[in-house]
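Colleague: this one's sequence-less:
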């Protein structure tokens, strides 16, 4: 996977596209997003352990709205020698894996980052943390984004993917 190309294309989108999450004044000073170096050890092939019953959960957004997701199952894996678990959610738009790591508020967005795992077979997924990204509400307060549920708060660092967005005008 060519992460450099993916990151360059995302920077171009943020800088120039009319649907960029950045305000016009942010685009003027935008010089690219901040990323951890690619970490091949955090591109994982994982087996989802489906929940016995599919339940729906209401996930609050940063603006107080509610979004409904199905709780699909749990991934178990190791990061830096520690076992961790994350719950996979889904809705009409696909798979959704929000998470908060131990670097939140220091190196990563405090409310968490998102992934859309790629299904590759029966309960088999590619979970590539190098593709972890900030929700649009990380760039300015005009966006409504689901908050990471407590069950997906990790005590380990995930040193892959997008870092904090630093801009003097990122919030109102």
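Modeller: Received, thanks. Not measured: the values here are computed from a predicted model.
Colleague: Would you indicate which residues of the helix or strand hosting residue 28 are buried?
Modeller: In the assignment (DSSP states H and E), residue 28 maps to helix 24-29. Within helix 24-29, the residues that count as buried by 16 or more other CB atoms under 10 Å are residue 26. (C-beta placed from N, C-alpha, C; glycine too.)
Colleague: Please identify the pairing partners of whichever helix or strand comes after it and their relative orientation?
Modeller: Toward the C-terminus, helix 24-29 is succeeded by strand 43-47 as the next helix or strand (DSSP H and E). Strand 43-47 pairs in its sheet with strand 124-128 (antiparallel), by DSSP bridges.
Colleague: so which helix or strand takes in residue 87?
Modeller: Residue 87 belongs to strand 82-91, assigned by DSSP H and E.
Colleague: Show me what that strand pairs with in its sheet, parallel or antiparallel.
Modeller: Counting by DSSP bridges, strand 82-91 is paired with strand 66-79 (antiparallel), strand 94-99 (antiparallel).
Colleague: wait, what's in contact with the nearest residue to residue 103 once chain neighbours are set aside?
Modeller: Closest residue to residue 103 apart from its sequence neighbours, by CB to CB, 6 or more residues apart in numbering: residue 157 at 4.8 Å. Residues in contact with residue 157 (CB atoms under 8 Å, 6 or more residues apart in numbering) are 79-80, 101-103, 107.
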